[in-house]
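K.L.:
Build me a model:
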Amino acid sequence: MFDASTSMLLGDRTSALFWEDRWLHGESIEEVVPDLFALIPRQPRKHRTVRQALAERSWIANISGASSPLALWQYVQLWIQLRDVQLTDVPDRLIWR
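P.N.:
Presented below is the predicted three-dimensional model:
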């Protein structure tokens, strides 16, 4: 219920979790690319911030296991969406819908 009721408004991206929070156009990565998300181990899901993941595209290193054609397509789609994400100096904020 909490996850469905909230999203993250990004600022400096130091508190928003890349894989878990609803920060990408109000959706979580799991909602945007579910087959790709299934290839991410639990540890990075719970700890990698958006800032860390975007630094030198380190989110790619979290992907493990064999990729299906759909997961590969989703990877490309995510890559395209992440190209335009910009960092600011304002702290991230949790927003209630």
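
K.L.:
where does this structure have its least confident helix or strand?
P.N.:
Ranked by mean pLDDT, DSSP states H and E, the weakest helix or strand in the chain is helix 2-5, scoring a mean of 58.

K.L.:
what's Gln52 in contact with, if anything?
P.N.:
Phe18, Ser58 (C-beta atoms under 8 Å, 6 or more residues apart in numbering). For every residue, glycine as well, the C-beta is placed using N, CA and C.

K.L.:
ok, for the one residue sitting closest to the centre of the chain, nearest residue in space, not its chain neighbours?
P.N.:
Closest to where the C-alpha atoms of the chain average out (C-alpha atoms, centre = their mean) is Phe18, at 3.4 Å. Leaving aside its sequence neighbours, Phe18 sits nearest to Ala53 (C-beta to C-beta, 6 or more residues apart in numbering; 3.7 Å).

K.L.:
rewinding a little: which residues are in contact with the residue nearest to the centre of the chain?
P.N.:
Neighbour list for Phe18: Ile29, Arg48, Thr49, Val50, Gln52, Ala53, Leu54, Trp59 [criterion: C-beta under 8 Å, 6+ apart].

K.L.:
Looking at those residues, which is nearest Gln74?
P.N.:
The closest of the contacts of Phe18 to Gln74 turns out to be Ile29 (C-beta to C-beta; 9.7 Å).

K.L.:
I figured that closest one hits Gln77, correct?
P.N.:
No: applying C-beta atoms under 8 Å, one finds Ile29 not in contact with Gln77, separated by 11.1 Å.

K.L.:
Now the helix ranked longest in the chain: buried residues?
P.N.:
If you go by DSSP state H, the chain has its longest helix at helix 69-82. Neighbour counts using 16 or more other C-beta atoms under 10 Å place Ala71, Gln74, Tyr75, Leu78, Leu82 of helix 69-82 among the buried residues.

K.L.:
Contacts for that helix next, please.
P.N.:
The contact list for helix 69-82, computed with C-beta under 8 Å, 6+ apart, reads 24-25, 29, 32-36, 38-39, 54, 57, 59, 63, 67.

K.L.:
swap the cut-off to 6 Å and go again
P.N.:
Residues outside helix 69-82 that contact it (C-beta atoms under 6 Å, 6 or more residues apart in numbering): Val33, Asp35, Leu36.
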